[in-house]
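Enquirer: One predicted model, sequence on top.
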Amino acid sequence: MTKKMKIRIAEIIILLIALLVVPLFVKNNYYLLVFNRILINAIVVLGLNFITGLTGQMNLGMAGIFALGAYASALITRYANISPWVGLLLAIAVGWVIGQCLGYPSLRVKGVYLSLTTIGFAEVIRLMFSNLTDITGGTQGMRNIEPYSLFGFKFDTQGKMYYLFFVITAFGFFIAWRIVYSKWGRVFKSLRDNAEAVEMSGVDIADVKIKAFTICAIYGAVAGALYAHFMGYINPSTFTIDMSTNFVIMLLIGGLGSVIGNIFGAIIVTILPEMLRFLDDYYLITFSIIVLLGAIFFPNGWVDAVVRLGKKTINIISDKRAENGKAVSR
Amino acid sequence: MKKGLWKYLSLVLMVAMVLSLVACSNPDETSESESTNSTVEEATSTSEPVKIGLVAMLTGDNPLNGERMQQAVQLAIDEYNAAGGILGGREIELLVEDDQTLQDMAVTCVEKLISEEVVGIIGPHRSTNALAVEATVATAGVPTLTGGTSPSISELGNDYLFRIRASDEIFASVAAAYAVDELGAKKIGMLYNSDDYGAGAEKIVAEYCKANGIGYVSEGHNTGDTDFTAQITKMGTEGVDALLIWTHDSELAIHARQIYELGLEAKVVSSPGITMQQVIDMCEPEYIEGWQGVTDYVFTSTDETVQEFNKKFSEKYGINTELYSASYYGAALVLIEAIEAAGTTDRTAVMEALKKTSDLSAPVGVLECDDKNNLVHSVNVAEIINKEPVFIKSISVE
Amino acid sequence: MNAAVLVQLLVSGLAMGFIYALVGIEYTLVWNSTGLLNFSHDKLIMLGAYLFGGTFVLGMGFSNPLAIVLAFVIMGLIGVLIANGIFNPLRTMQSMIFAVMGTMILGRIIKEACRLIWGPAPFAISGWLSGNIRIGKISISNANIIICLVSLLVVIGLQLFLNFTKTGKAMRCVAQNKKAAALMGINVTQNICITTAVSAIICSIIGILIIPLFNVSTTMSNSIGLKGFSAGVIGGFGYLPGAIIGGIIIGIVENLAVMVLPAVYKDVVSFVLLILFLLVKPTGLLGKRA
């Protein structure tokens, strides 16, 4: 283990501890609610990173996957009258199935075709949930979705849910981290950079694409299931293209392919509009303009921009040091 | 080099902006975290304003309705403040949040207002949003007045959620009864929006027709659809003699044009939208001549309260009143009166005072709270004559 | 279900189909020259309608032809802005996601700007292209007839422009191979500017023509935006006359679907059609390239 990695791991642990004690100091439900929304969004973005960030396939149908996860979990909890945890397992299964199904078109169509396919998919899902009134309650939505509970301990307040979601998001983060820096992750990335070369080196592209899509869909569906039990009420009108777009914006602001960036993207896009609320009528347009300028000037994400700015200053300093003590260092 | 400089300049600006925002929002974070969330324990000093929250859809797909809500509530509050405030001279302060007509944003707005220690919340408007925030306001114990008309809201048994518009049950059954009794319909056709609003009404009309042995056909559409030829033509082939249309503003205006152009001969009874100026303005006069609308409120009513309200509102904002402004003006009135009656800003006391509301005259009629927290029990029927909604009658329902 | 009803459904489907076709044409142009999709196109349609109706006709009281010309000019300039602000800087990035998301965010900005500038109230322009024609039991709006004519004119005009002018020929070169075009001395950046401007002008044509049908509001073009994409895909991606065929197919199929399915599934039908085409025949009915 290099020194650099040790420092990085220490940083992450400090960050984790800091985040874990948040509810002890923040008793305000509004802030906790926003934190919870960030955690759920972060899970989606971590998943989206595999398909859109790493393999470079543009998925604009995340809201559809999210909705399927939410409804799968809510419906089985309601009708089979069982624990939401089973719903979470079902959501994982649903995610796997969606991944296999959506992965297939990504073999045939790519780029802009794929984004249209995924948009169409998400719209079909939304319209089906709206109009299959007998099963889903249609546009009246589903109410009284049970919160998670563990050995009789109910996660029914924002503070309690924060811990639960935090643990799940942290778990999702580490899995994503491990995958991105594994052999799979490198194959995913190489697919984006040069698909032909990857195929030449004997990698089964079809298999890789479907893998990426499946991981993405499982993350999306799990986040959807969490959302259903977090809100306690779901309605198909939530799961629009706007929602899918928001997830991609989070990914973009965090920086494509960067796992830590994903988390920061989710944080920035969820919190920034809330902070801008003091601008009244102009808050949404201001938010959009900031995001657009960010996308144009820092296409590698804000995190990367900050890091590079930091590196530049460090470089300047270390250059000076190096000049002073060239002979000593080597 | 120049390009790089630009990059970092805007980056620094952005970071500075975000940081200053964090700094801005920090002070109240600490102060709020100390106070409890369940009840507001304020000092009874006369200087501190009484805070009321409003959750309105100021952006998103229905920004106009949100603007009218805000204008009306502000008007009511300004009047009370001009008359010396409430609770012995305390000013009323309005905190407005935008929910973009989205459920998770509505919950966020409500939590934000609760953390800012409002005594009561007005809105969110849509039934779906009201259902989404229902559990939150019950847990926090904040009296909330919504304009959501879905029948499921009164089935919640939520003490803190009050409704300041009549239920869709009333609207739709009055519309169906009016079509049958007054217009002599033998077969009713219903065109409805597949969302919560339209689908809820469709269920009620279907039951009414079944119970009364009236012929019935229905066809739905989705919000944002722009062509209803198929649905309207089907109504024509089914030979309906009265048409009930239950949908939102833009869809309603397109329905009006297409029904006229396709020459469907049927008497039309519509959802409240048609009595609103903004919908009428989107139609040529011949499209909607003779249409009937079931609505909360008609500004041409001869009722004194209505005339006075319309005069005040149009003097301030230069437009005639419609159901959003009238309903939410009423909401502000009833909430402020309840705070005054409770004599305190304690949320539970205000909730109990709201439950005792009776005989309060508002533009939408006499407000009286029943055991299901419904405040409005009458609807009006209006006919569109020469692009103006003409008041026909008011129907009270028990 | 009698014959008159069937004909009426066909006619209305055809009328809607031509609107989708125009949308298809407008974004195919951008696709051809940049290889990118302009996801803000539905908002540009709305902006065109607001500029024409809100500012020039109702606001300044100009005559309709003058208002149309002014709307074209401003929309053309906006097109150039989009090209220089989003497409040109972002098209060379490693993934197209940057430019596509740029246009999506731009769409949100335009929507909010319209609400702030012209206010949240939807409005109509009384007398503009209103009225309808009845033949027997069949009815069609005047606006629909004009839309059919205009979309044919636009396609013919564009074909002439692309085949017989120097700029047009350059546009076709860029569409086929950007690198080769650049090597041959064609200014690709400038070319993208012109194409985006033309596309924005077509957006404003659509916006102005659909005012009598959908009125002017911030949501007026939501559904036609997506269905325009379907039209382009079904007809043949990147091939202009294909957009017309695709638009007409979608318009008619979704209207006839109502005969077998509940009307609420109308949109589902057109999206399923889109997905099927993408999976089975991504080149569309008339398209050549994969």
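Expert: Perfect, thanks for sending it.
Enquirer: State the phi and psi torsions of residue 259.
Expert: If you meant another chain, say so; for now it's chain A. phi -70, psi -40 (degrees, to the nearest 10).
Enquirer: The intended chain is chain C.
Expert: phi -70, psi -30.
Enquirer: Repeat that for the one 10 residues further on.
Expert: The main-chain torsion angles of C:Val269 are listed as degrees, to the nearest 10 and equal phi -60, psi -50.
Enquirer: quick one, helices of the stretch 101-250 of chain C?
Expert: Assigned by DSSP state H, counting those that start in this stretch, the stretch 101-250 of chain C shows helices spanning C:142-164, C:166-176, C:178-183, C:188-214, C:222-235, C:240-257.
Enquirer: Let me know the pLDDT of the residue of the stretch 51-200 of chain C found nearest chain A.
Expert: When scored by Cβ to the nearest Cβ, the stretch 51-200 of chain C has C:Glu112 as its residue closest to chain A, at 3.9 Å. Where you see a C-beta, it was placed from the backbone N, CA and C, and this is true even at glycine. As predicted, C:Glu112 sits at a pLDDT of 93.
Enquirer: and the residue nearest to it when sequence neighbours are not counted, what element?
Expert: In space, and not counting its chain neighbours, C:Glu112 is closest to A:Ile285: 3.9 Å by Cβ to Cβ, 6 or more residues apart in numbering or on different chains. Assigned by DSSP states H and E, A:Ile285 falls within helix A:283-297.
Enquirer: Report the backbone C-alpha coordinates of that helix in PDB.
Expert: Only the C-alpha atoms of helix A:283-297 are listed here, as PDB (Å, rounded to 0.1, in the frame of the first residue of the first chain):
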ATOM      1  CA  TYR A 283     -33.800  30.400  -7.800                       C
ATOM      2  CA  LEU A 284     -34.400  27.700 -10.500                       C
ATOM      3  CA  ILE A 285     -33.100  29.700 -13.400                       C
ATOM      4  CA  THR A 286     -30.000  30.700 -11.300                       C
ATOM      5  CA  PHE A 287     -29.400  27.000 -10.500                       C
ATOM      6  CA  SER A 288     -29.700  26.000 -14.100                       C
ATOM      7  CA  ILE A 289     -27.400  28.800 -15.300                       C
ATOM      8  CA  ILE A 290     -24.700  27.800 -12.700                       C
ATOM      9  CA  VAL A 291     -25.000  24.100 -13.900                       C
ATOM     10  CA  LEU A 292     -24.800  25.100 -17.500                       C
ATOM     11  CA  LEU A 293     -21.700  27.200 -17.000                       C
ATOM     12  CA  GLY A 294     -20.200  24.400 -15.000                       C
ATOM     13  CA  ALA A 295     -20.800  22.000 -17.800                       C
ATOM     14  CA  ILE A 296     -19.200  24.300 -20.300                       C
ATOM     15  CA  PHE A 297     -16.200  25.400 -18.300                       C
END
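Enquirer: and it, average pLDDT?
Expert: Mean predicted confidence for helix A:283-297 is 91.
Enquirer: Stretch A:186-196 too?
Expert: 83.
Enquirer: now the strands: where do they sit in the stretch 1-150 of chain A?
Expert: A:149-150 (DSSP state E, counting those that start in this stretch).
Enquirer: In it, what residue comes closest to chain C?
Expert: For the stretch 1-150 of chain A, Cβ to the nearest Cβ, closest residue to chain C: A:Gly120, 4.1 Å.
Enquirer: Can you tell me the element the residue in the stretch 201-330 of chain A that chain B sits nearest to falls in?
Expert: Here the stretch 201-330 of chain A gets closest to chain B at one residue, A:Met275, 4.1 Å apart by Cβ to the nearest Cβ. Assigned by DSSP H and E, A:Met275 falls within helix A:259-275.
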